[in-house]
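For reference, the sequence and a predicted model appear below.
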Amino acid sequence: MVASCSDSGSTTPPGPGATSTAAAGATPPAPKPEPISIEELPLPPVAGSTDAGSCPEAINPHRTGCVGQSVGLQSGGFLPDGRSVVARVTFVGAPAAPDPASVHSGSQLILVRADGGKFPNGDAWKCVTCGVPETNAAGRSPTLDYPQPFTDGKRILAGTNIIDCGSHPITDEACTPEQIHI
């Protein structure tokens, strides 16, 4: 059985107050074009492989992580400051623990500056979930899909996780891994 929907030959009149452009025989004009701009956001540098240590200081002098050639990027929305966007990336090539840079590994949430600015670490991105102590992440789901910031700027919903920085905005220098709870 094939179903189709067509209103050619329809005799049902429009509801009260409705106007029909088809009945008037005219197509409304297109809206005026609106200006848009496209910005390329700065992401962490790309490591040559996924092997441990393939993101050396020569590639990333700040030692704040590298992404692979397949970034695994999934962007979310702007934070209320209008200057930062939250995104999920897959970090690769971090050195092995106990090196402090080892926390930049796997699926993580980052903030990316969309205004050309930098975070206090000198990068245009800041990893939000890197290095959060296990005691602050009880019940954390590994899925960080579709990250969306809350309007208070202190929390992000990602998958079934809520990333919360307590009284600090997520973009604030005081929002450290020790302050974050997932």
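Cool, got the structure.

Let me see the confidence value for the residue nearest the centre of the chain.
Residue closest to the mean C-alpha point of the chain, counted by CA atoms, centre = their mean, is Ala87 at 2.2 Å. pLDDT, Ala87: 94.

which residues sit in contact with it?
Listed by CB atoms under 8 Å, 6 or more residues apart in numbering, the contact partners of Ala87 are Leu41, Leu73, Gln74, Ser75, Gly76, Leu109, Ile110, Leu111, Val112, Pro147. From N, CA and C alone the C-beta is placed, and that goes for glycine too.

quick one: which of these has the most company?
For the contacts of Ala87, the largest number of neighbours (other CB atoms under 10 Å) sits with Ile110, at 28 neighbours.

mind checking pLDDT for that residue?
95.

Helix, strand, or coil at it?
Recorded secondary structure, Ile110: strand (DSSP: H, G, I helix; E, B strand; the rest coil).

which residue ranges form the strands in the chain?
Assigned by DSSP state E, the strands in the chain fall at 66-67, 74-78, 84-92, 106-113, 125-127, 148-149, 155-158, 161-164.

Just send the ones you listed back as CSV, with distance to Pro142 too.
Formatted as CSV, those follow (distance: least, CB to CB, whole Å):
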stretch, distance to Pro142
strand 66-67, 18
strand 74-78, 14
strand 84-92, 11
strand 106-113, 7
strand 125-127, 16
strand 148-149, 18
strand 155-158, 11
strand 161-164, 9
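
And the helices in the protein, which stretches?
Along the chain, counting by DSSP state H, helices occupy 21-24.
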